[in-house]
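Student: here's my sequence, what's the structure:
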Amino acid sequence: MQKDKQPAYGPVVFRDRSAGYAFLTRSTAASEETIEWDDGETYPVVDVEISSESHPFYTGKARVVDAEGQVAKFEKRYGEQEKG
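Tutor: Numbers count the residues shown, from 1 in each chain. This next block holds a predicted model:
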């Protein structure tokens, strides 16, 4: 690899403000804002809109689609049409 062509890779805190959840990982994401983590170190922090703590799929709050109702609506609208 060529030097100065790759972004810096290091520890970063990702924070989901809507869920009040944050986690420390390594990333190339950069941020001017910092946060003091539980270990006493200061890390850059990146705010995200959604994480596993607030995503409906992972939280079990996903909306259930009424597939049977959709089929009934389709049949009511189009019914059985003659082939011809």
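Student: going forward, measure contacts and count neighbours with C-alpha atoms only.
Tutor: Noted.
Student: ok but K76 is inside a helix, no?
Tutor: Yes - counting by DSSP: H, G, I helix; E, B strand; the rest coil, K76 is found in a helix.
Student: run the chain-centre distance for stretch 26-40.
Tutor: Offset of stretch 26-40 from its chain centre (CA atoms, centre = their mean, to the nearest Å): 19 Å.
Student: okay, strands next: where are they in this structure?
Tutor: For the chain, applying DSSP state E gives strands covering 10-16, 21-27, 34-36, 42-48.
Student: switch the ones you listed over to JSON lines; also include distance to Y78.
Tutor: Supplementary listing: these in JSON lines, determined by distance: least, CA to CA, whole Å:
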{"stretch": "strand 10-16", "distance to Y78": "45"}
{"stretch": "strand 21-27", "distance to Y78": "48"}
{"stretch": "strand 34-36", "distance to Y78": "58"}
{"stretch": "strand 42-48", "distance to Y78": "44"}
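Student: what's the spacing between the closest residue to S51 other than its chain neighbours and E32?
Tutor: Nearest residue to S51, sequence neighbours excluded (CA to CA, 6 or more residues apart in numbering): D16, at 6.2 Å. Counting by CA to CA, to the nearest Å, the gap from D16 to E32 is 17 Å.
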